[in-house]
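Trainee: Coordinates only, no sequence provided:
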């Protein structure tokens, strides 16, 4: 198994542009988490899904951020419009059923908004 | 509210010296505590969890409910221990949600 897959691995964009980050969880995992990592704030939970349903989006910073999980094998995190302060590493993680606390992380997407 | 505090952003130790990473938590119920590690150019991964009471790569962590702490310790640090370490708190009925601390960067010098 390749583990959690994220794309792209790196993204450079200009302020105001739309950014879409993608995640494919490990097959059979039923929970998916999106995190943002910065030097100042560490690892912040943005939103998480259970069985494709959003459970808690209280960590989403503002309306510019949205996330979807149309099926068990795919999720997106969208930022529209992007701003320089959105620059960070965005991680996706998934959890297998019955092991709710062991999260398996993807390699992350490094986003730079100019 | 749940909170995880890692007071040290950076910990620099010499090879062979003991290392201790501090973690304090705030939670009124029965907590689940974890340590995750991120080595350079690798994914964030689970290092250990308090419920397992095991030693991984020489690291141990004891949950002290009286002091609300879950410090990570290793008696003899190795260069390969250089990494970013995150303490994380989980709780019941949270659907697997974890609250992470800010992280501690450990640098082991020869």
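Mentor: Looks like it arrived, so ask away. All figures in this text were calculated on a predicted structure; none of them were measured in a lab. Numbers count the residues shown, from 1 in each chain, chains lettered A, B, ... in the order given.
Trainee: what's stretch B:17-25 in contact with?
Mentor: Outside stretch B:17-25, the residues that touch it by Cβ atoms under 8 Å, 6 or more residues apart in numbering or on different chains are B:2-8, B:11, B:13, B:31, B:33, B:35, B:61, B:67-77, B:81, B:85, B:87, B:89, B:101, B:104, B:106, B:108. C-beta coordinates here come from the backbone N, C-alpha and C atoms, glycine included.
Trainee: Out of the residues you listed, which are close to chain A?
Mentor: Among these, the residues within reach of chain A (Cβ under 8 Å from any Cβ of the partner chain) are residue B:101.
Trainee: Can you say which of the contacts of stretch B:17-25 are buried?
Mentor: By neighbour count, with 16 or more other Cβ atoms under 10 Å in any protein chain shown, the contacts of stretch B:17-25 hold B:2, B:4, B:6, B:8, B:11, B:13, B:31, B:33, B:35, B:61, B:68-72, B:74, B:77, B:81, B:85, B:87, B:89, B:101, B:104, B:106, B:108 as buried.
Trainee: And the helix or strand residue A:35 falls within, what does it pack against?
Mentor: Per DSSP states H and E: residue A:35 is located in strand A:29-38. In terms of contacts (3 or more Cβ pairs under 8 Å, 6 or more residues apart in numbering or on different chains; DSSP states H and E), strand A:29-38 is packed against strand A:42-50, strand A:74-79, strand A:88-96.
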